[in-house]
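Undergrad: quick one, what's the 3D model for this:
(one chain, ligands or ions: 2)
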Amino acid sequence: MLCKIKILTKDSFGLDTPPVKTSHPNMAAYLSRLHHISLHVSNVEKITSDLVSKFKFNLFATRLTDRSRQLAFRKGAAVFVVNERPTRGDVRLNEELEGTTEGYSAGPHRDNAGKYNQDASTKCLYDVSPHYSVDTVSNVCFEVEDVERSFKTLRQMGCNFLVPPTTVQDESGHVTYSVVKSIVGNVCHTLIDRTKYEGSFLPGFDVIEKDGSLNEEDISCPITHFDHITYACPRKTTHQVMRWYEKLFGFQRFFIESNEDVDEGFVVNQEGIGLRLTAMEYWKCSKAGIALPSVNKNEPDCKFVIAESLPEQGRNQVDTFLEKHRAPGIQHIGLYTNNIVSTAHVMAEAGVQFFSPPLTYYTEVGKQQEIEEAGHDPQVLAQHGILLDTDLHQDPSSQSTPSENKRYLLQVFTKPIFEEDTFFLELIERRGATGFGEGNIRALWRSVQAHMENQRVDSHGA
Ligand SMILES: O=C(O)C(=O)Cc1ccc(O)cc1
Ligand SMILES: [Fe+2]
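TA: Ligands and ions are numbered 1, 2, ... in the order given. Purely as a prediction, here's the structure:
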């Protein structure tokens, strides 16, 4: 049975207070935590079945109406909301909405936005309902302290809002949210305040009760949170994207490598690989003296990685994403696990396909030794294509011997999980290393490149 909810737009809830005077005219909207990431897909059954049976996520909340389906899945602190993407027969409402893609900015659009918002909310709550032509991961939803204030501040700073502050309530309380359009392709951010809500997820969703005890899969597949979100962006746009997140959300630069150039980022530009990576992190804003009471300092953060392809080395996976996705956007998400070997094993048994580097990767003398020194068995890693990269820049202040002090990370990448090559997942286990391994990027790059070439051969041969 659907629980009773009420959706109130800004005006009907009487929240239209005079503009807030912020002490800092340029103060960004500070984010408390990542709440969920939303997917828009045409085949909800397929993704549901994959997330549950292959990736071992738990379906824990649903919102099913005659006009839309929204399903929420959890694994540790990682929450995905899967939204049904409108298909061709269902474009009328979306075309109407598309007319307002300029969004909700200050001034005369305001009344329209209320309508837009209400229609959009009934269609797809806590998000916009895009008429997008391919499956896509397009919304990273953040909890904020005060949606109304964030809305006003960000709007003053020129941000484009697709949904103005909107309150949804049920018998457990109310939440307020607003949706802001980012400057990266179709990526939006829902800002949500759920401090006045006592239910376990969000009003409008029916929560499927589960007992809180750990099940077998939580132990064999210990995924705890989203480690990073990687954007594929067009050439020469990294700086603009970084500035946007820094200025509006208080993100801070995160150096992938200790000797990374501030302007250039982390560049791999040789042997057929042309990639610029730049990373940012959020809510380390407490560093800047802004301590938010709702921020749990023990909760690990999620980094944002901007990947840009470089022209010198030929076509690559970032270019492929931009073409298939028809716009910049979220190319992949790294899921953090405390045990990558066990997680990859369980998932592979359940049918997840991983990219594997060539077998020589595991038998090269240097790599074999590196894997063994880290206490792993090259054959076990080879079984599922798990890559290991040691951080060569060790902490000089450490008292321990070089081998005790070794920091490394393990990664494995899935094949695309949507019908078109517009998204994949990654498993990552960090043993002290905080960046992204250059060796892993090279190995991943080669296996993806080989896969792309095989596909091209297949499609030409067919
Ligand atoms: O190494 C990682 O996990 C990254 O996220 C970096 C990255 C970005 C884009 C690619 O196409 C491949 C690797
Ligand atoms: Fe990644």
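Undergrad: which secondary element of this structure has the worst mean pLDDT?
TA: None of the helices or strands of the chain scores lower by mean pLDDT, DSSP states H and E than helix 91-98, at a mean of 37.
Undergrad: could you look up the SS state of the residue of the stretch 1-150 of the chain found nearest ligand 1?
TA: Distances between the stretch 1-150 of the chain and ligand 1 by CB to the nearest ligand atom are smallest at residue 137, namely 14.0 Å. For the C-beta atoms, the positions are set from N, CA and C on the backbone; glycine is no exception. Of the three states, residue 137 takes strand under DSSP: H, G, I helix; E, B strand; the rest coil.
Undergrad: could you give the bridge partners of it?
TA: Note on residue 137: beta-bridge partners residue 39, judged by DSSP bridges.
Undergrad: burial count for it?
TA: Using other CB atoms under 10 Å, residue 137 is surrounded by 26 other residues.
Undergrad: how close does it get to residue 82?
TA: In this view, residue 137 and residue 82 are 10 Å apart by CB to CB, to the nearest Å.
Undergrad: shared neighbours, the two?
TA: 38-39 (CB atoms under 8 Å, 6 or more residues apart in numbering).
Undergrad: A strand includes residue 390, no?
TA: Yes. If the criterion is three-state DSSP, then residue 390 is within a strand.
Undergrad: so what's the nearest residue in space to it that is not next to it in sequence up against?
TA: In this structure, residue 390 finds its nearest non-sequential neighbour in residue 408, 4.4 Å apart by CB to CB, 6 or more residues apart in numbering. Residues near residue 408 by CB under 8 Å, 6+ apart: 370, 374, 388-391, 431-433, 437.
Undergrad: ok, of the residues you listed, which one's closest to ligand 1?
TA: Closest to ligand 1, out of all of those and judged by CB to the nearest ligand atom, is residue 437, at 7.0 Å.
Undergrad: next, the contact list for the closest residue to the closest one other than its chain neighbours, please.
TA: What sits nearest to residue 437 in space, not counting adjacent residues and going by CB to CB, 6+ apart, is residue 389, at 2.4 Å. Residue 389 sits next to 408-409, 411, 433, 437-440 when contact means CB under 8 Å, 6+ apart.
Undergrad: mind listing which of those are in strands?
TA: 408-409, 411 (DSSP state E).
Undergrad: list just the nearest of the residues you listed to ligand 2.
TA: Checking the ones in strands among the contacts of residue 389 against ligand 2 with CB to the ion, the nearest one is residue 411 at 6.9 Å.
Undergrad: would you list the contacts of residue 389 in CSV and tack on distance to ligand 1?
TA: Putting these into CSV (distance: CB to the nearest ligand atom, whole Å) gives the following:
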residue, distance to ligand 1
408, 14
409, 9
411, 6
433, 11
437, 7
438, 9
439, 10
440, 6
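Undergrad: Serialize those residues to CSV and add fields for distance to residue 457 and pLDDT.
TA: Formatted as CSV, these follow (distance: CB to CB, whole Å; pLDDT from 0 to 100):
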residue, distance to residue 457, pLDDT
408, 35, 93
409, 33, 95
411, 27, 96
433, 36, 90
437, 29, 80
438, 29, 80
439, 27, 83
440, 26, 85
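Undergrad: need these in TSV with distance to residue 420, can you?
TA: Listed next are the contacts of residue 389 as TSV, based on distance: CB to CB, whole Å:
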residue	distance to residue 420
408	34
409	29
411	23
433	32
437	28
438	29
439	29
440	25
